Structures are given as structure tokens and as C-alpha cells.
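A.B. asks: here is the input, now give the coordinates:
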Amino acid sequence: MDLIKVISKRTLALIILRVSGTLAGGSIAGVALWQAAALAAFIGVMDVAESLSRAYVVDGELDADEINTAFASSAEAEVAKNKKAEEL
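C.D. replies: Below you'll find the model as predicted:
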């Protein structure tokens, strides 16, 4: 149960990270804010779910390092994308 709690909290944090970077782009492109936010949240969750699934398929277990790697790669990619957008 503790594993589910950790993954849930970190998923929520990733959704916030994804949505905050996407709202401005969506509004510029003429997409409704709620649609841009929903799409960003869905993509964030699916990125992490894919990483966790790949780690689970390898050995049938998820350990703390695999969970950290899944979230870190998604978060780092989002932070890099946001920094690049701010520079433009």
C-alpha cells in the first residue's frame, strides 16, 4: 500500500508539472484551457505508466530505484522543455 501512495503523490506532482508548462502553449494555439490541461495530464501519466511497465516487465517487481528512474526521466524532460520554451 505504501508503494501505491508514493506513486500516486509523485504522479500528482508530475501532472502539475506537465499542466503548468502546457497551458500557455494551448491558449496560444487556440485550444481550450481545460482541454490542454487534460491532454497534458494524460500524457504525463502515460509516460510514467510506460516507464513503470517496462521496469516491471523486466523482473516482475518494482523497486524504489525503478520508480525513481521513471519519475526522474519524465520530470527532467518536462523541465528541459519548459526552460527551452522560456528562452524562446
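
A.B. asks: skipping adjacent residues, who's closest to the spatially most central residue of the chain in space?
C.D. replies: The residue at the geometric middle of the chain, judged as the C-alpha nearest the mean C-alpha position with CA atoms, centre = their mean, is Gly44 (3.1 Å). In space, and not counting its chain neighbours, Gly44 is closest to Arg18: 3.8 Å by CB to CB, 6 or more residues apart in numbering. In this view, the C-beta of every residue, glycine as well, is placed from N, C-alpha and C.

A.B. asks: low-confidence ranges, this structure, go.
C.D. replies: Regions of the chain meeting the criterion pLDDT under 70 cover residues 1, 75, 77-88.

A.B. asks: could you redo the last one with a cut-off of 90?
C.D. replies: In the predicted model, the chain carries pLDDT under 90 at residues 1-49, 51-52, 55, 61-88.

A.B. asks: helices of that one, start to end?
C.D. replies: If DSSP state H is used as the criterion, the helices of the chain fall at 2-28, 33-59, 64-87.

A.B. asks: spit out the contact partners of the residue nearest to the centre of the chain.
C.D. replies: By CB atoms under 8 Å, 6 or more residues apart in numbering, Gly44 lies in contact with 11, 14-15, 17-19, 74, 78.

A.B. asks: ok, now Leu52?
C.D. replies: Taking CB under 8 Å, 6+ apart as the criterion, Leu52 is in contact with 7, 62, 66-67, 70.

A.B. asks: so can I have JSON lines of these showing neighbour count?
C.D. replies: As requested, those are exported to JSON lines (neighbours: other CB atoms under 10 Å):
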{"residue": "Ile7", "neighbour count": "17"}
{"residue": "Leu62", "neighbour count": "16"}
{"residue": "Glu66", "neighbour count": "17"}
{"residue": "Ile67", "neighbour count": "18"}
{"residue": "Ala70", "neighbour count": "24"}
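
A.B. asks: how about the residues you listed in a markdown table, adding distance to Gly25?
C.D. replies: Conversion of these to a markdown table gives the following (distance: CB to CB, whole Å):
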| residue | distance to Gly25 |
| --- | --- |
| Ile7 | 27 |
| Leu62 | 32 |
| Glu66 | 31 |
| Ile67 | 29 |
| Ala70 | 24 |
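
A.B. asks: fine by me, thanks again.
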